[in-house]
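Undergrad: Okay, here's the prediction I keep looking at, along with the sequence it came from:
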Amino acid sequence: MTVFRLAPALLLLVGAAAAAAPLEGRLELTWGDPDPASGSAAQFRATLVDDAGLRYALDPQQARLGAGDLYALAGRRVAVELGTPATPQGLAVEAVVAADAPRDVQPAVAGTTVWATLLCKFADIATEQKPQSFFTGQYGNNPGQLDHYWREVSYNKINLTGSAAYGWFTLPQPRSFYIPSGGSANLNQLFDDCTAAANATVNFAANGGLQGINMMFNGDLDGYAWGGGRCATLDGINKCWSSTWNPPWSFNNSAPLCHEMGHGYGLPHANNSDGDTDPYDNPWDVMSDAWDNATTDTTYGVTAKHLSIWSRDKLAFVDAARKLTISADGAYANLLLDRASLVGSTNRQMIVVRVAGDPTTKYYTVEARKRSGKYEANLAGDAVIIHAVDTTRQEPAWSVDATAPPATTSNNEGSMFKVGESWTAPANGFRISVDAATAEGFRVSITRGNVASDTLFRNGFQP
């Protein structure tokens with residue numbers, strides 16, 4: 001795990017905070033995704049922003065364990081019970097709990113979600129890799145463009161109508177000011193200076209406040225693209241804005257850009273079950289491996305695959321009528337499961353199997369995936385895909401792999417459950433069999449309870 005080193009000024013805040021627990025403020029979560037050619041590790045930061053605008057870095061692992069489901073609290077007002085001592089990653093955390101009234105909770109991701117793309121140039125770099133028209137076109141509603149993608153992946157729950165691009169604007173400082181040699185990008189300063197440079201042109205308060213801000217920079221940052229939330233006041237609106245920080249390798253391709261926007265909407269990484277520390281090896285979710293098994297577009301580069309059904313459900317895109325939750329022992333036969341990418345399905349598209357022991361934070365999701373359309377045409381195959389979920393993990397949803405050991409990248413046969421195949425969960429919690437293919441998915445049967453084990457499972461959680 002990459003160590004996030006605190007600046008001296010922040011270390012002073014750490015010392016002051018340790019004596020005055022609990023802290024209250026908004027929870028800001030950001031994810032750093034490396035250039036895939038670099039081989040660098042993913043980064044994750046958890047920050048509490050108090051009412052005075054001071055930022056307190058929290059130890060992210062302790063914050064996850066202390067919250068149970070930290071990602072459900074992103075952008076909300078929280079109370080943080082502190083422990084000792086502070087770690088190199090931030091303040092020691094005992095517990096994180098919601099501290100807002102229902103009326104103060106930011107609205108869920110739904111309806112029109114307007115984004116502004118801000119094109120910002122470093123003071124010492126003149127190159128403009130793409131014209132403003134390219135970024136305006138990214139928000140279009142044709143296949144491969146962002147509005148089309150987010151409508152399809154959300155089953156038309158959200159759209160990007162009204163989103164636009166502005167710039168190029170010149171930042172007040174050279175690149176070295178924001179990204180010191182060998183150091184991490186100063187995301188706060190980049191946000192402040194980029195939005196300030198655009199302020200005379202962009203109305204951030206339009207329609208009650210934009211959903212998000214995509215910042216495009218004309219030089220590399222720190223080897224990473226970043227996405228998540230940034231709590232700030234713009235044009236009199238104080239909120240946690242969905243935010244992304246993109247170098248050219250990110251904005252030249254819609255796959256990494258959609259990945260960062262997913263973080264902006266509050267989604268964490270997904271993973272597979274190979275047990276390593278790499279969260280970019282599950283091609284069944286753009287929030288993990290955005291690059292493999294993807295299609296390409298002549299204008300917008302590598303295009304984004306869809307989200308997994310767990311990520312979709314996390315953003316409340318899955319209607320209750322499209323979802324079956326199994327929490328009691330028994331046989332559930334001949335279940336029709338339409339492919340997760342089918343917009344307008346009138347059948348089930350998600351099955352949740354809760355297991356004994358800890359059914360709140362640990363469960364399984366089942367979905368059907370078939371190669372189709374602009375975004376899913378290059379999937380590894382047509383199959384039922386299972387994710388083991390543990391909401392206390394850094395990447396809650398891990399794709400299941402029946403091979404031993406699991407493959408490094410889960411576009412293998414072991415991750416795809418096809419007609420005639422079955423799989424039994426750890427501790428014989430349940431068995432699923434794929435009985436038949438349909439025009440738009442599969443028919444499956446599930447037996448929950450004490451079933452005989454017929455498949456070896458490695459590196460998964462035990463209920």
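TA: Ah, there it is. Residues are numbered from 1 along each chain as shown.
Undergrad: For the rest of this, base every contact and every neighbour count on C-alpha atoms.
TA: Will do.
Undergrad: Would you mind measuring the gap between the ends of stretch 92-108?
TA: Across its full length, stretch 92-108 reaches 29 Å between end residues, using C-alpha to C-alpha, to the nearest Å.
Undergrad: average pLDDT across it?
TA: Across stretch 92-108, pLDDT averages out at 78.
Undergrad: So Leu234 is in contact with Ala205, correct?
TA: Yes - under the criterion of C-alpha atoms under 8 Å, Leu234 lies in contact with Ala205, with a separation of 7.2 Å.
Undergrad: Who has more neighbours out of those two?
TA: Between Leu234 and Ala205, counting by other C-alpha atoms under 10 Å, Leu234 is the more crowded of the two (18 against 14).
Undergrad: So the spatially closest residue to the more buried one that is not a sequence neighbour versus Glu24, what's the distance?
TA: Nearest-residue entry for Leu234: Phe204, 6.2 Å, with adjacent residues in sequence omitted and distances by C-alpha to C-alpha, 6 or more residues apart in numbering. Using C-alpha to C-alpha, we find Phe204 at a distance of 26 Å from Glu24.
Undergrad: Give me the more crowded residue out of those two.
TA: Counted by other C-alpha under 10 Å, Phe204 and Glu24 do not tie: Phe204 has more neighbours, with 23 against 20.
Undergrad: what helix or strand is the more buried one on?
TA: Taking DSSP states H and E as the definition, one finds Phe204 inside no helix or strand.
Undergrad: OK, contacts around it?
TA: Under the criterion of C-alpha atoms under 8 Å, 6 or more residues apart in numbering, the neighbours of Phe204 are Leu210, Leu234, Asp235, Ile237.
Undergrad: Quick check: the farthest pair among the residues you listed?
TA: Using C-alpha to C-alpha, the contacts of Phe204 reach their maximum pairwise distance at Leu210 and Asp235, which is 10.7 Å.
Undergrad: Who has more neighbours out of these two?
TA: Each of Leu210 and Asp235 had its neighbours counted (other C-alpha under 10 Å), and the higher figure belongs to Leu210 (22 against 12).
Undergrad: still on that earlier bit, can you tell me which of the contacts of Phe204 lies closest to Ala333?
TA: After measuring the contacts of Phe204 against Ala333 - C-alpha to C-alpha - the closest member comes out as Leu210, at 45.9 Å.
Undergrad: Give me the domain ranges for the protein.
TA: 8-104, 111-266, 318-448 (automatic domain parsing).
Undergrad: Compare the ones you listed and give me the one nearest Asp278.
TA: Comparing the domains of the chain by C-alpha to C-alpha, domain 8-104 comes nearest, at 7.1 Å.
Undergrad: Could I get the full set of helices for the stretch 251-400 of the chain?
TA: 254-264, 309-314, 373-376 (DSSP state H, counting those that start in this stretch).
Undergrad: Now distance to Asp435 too, for those, in CSV please.
TA: Conversion of the helices of the stretch 251-400 of the chain to CSV gives the following (distance: least, C-alpha to C-alpha, whole Å):
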stretch, distance to Asp435
helix 254-264, 33
helix 309-314, 21
helix 373-376, 23
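Undergrad: So which of those helices is nearest Asp390?
TA: Proximity to Asp390 (C-alpha to C-alpha) singles out helix 309-314 among the helices of the stretch 251-400 of the chain, at 11.3 Å.
Undergrad: How much space separates Ile158 from Ala108?
TA: The separation that Ile158 has from Ala108, given C-alpha to C-alpha, amounts to 10 Å.
Undergrad: Looking at these two, which has the bigger crowd around it?
TA: Ile158 (19 against 9).
Undergrad: Spatially central residue in the protein, please.
TA: A centroid search over the chain (C-alpha atoms, centre = their mean) returns Leu267, at 2.8 Å, as the residue closest to the centre.
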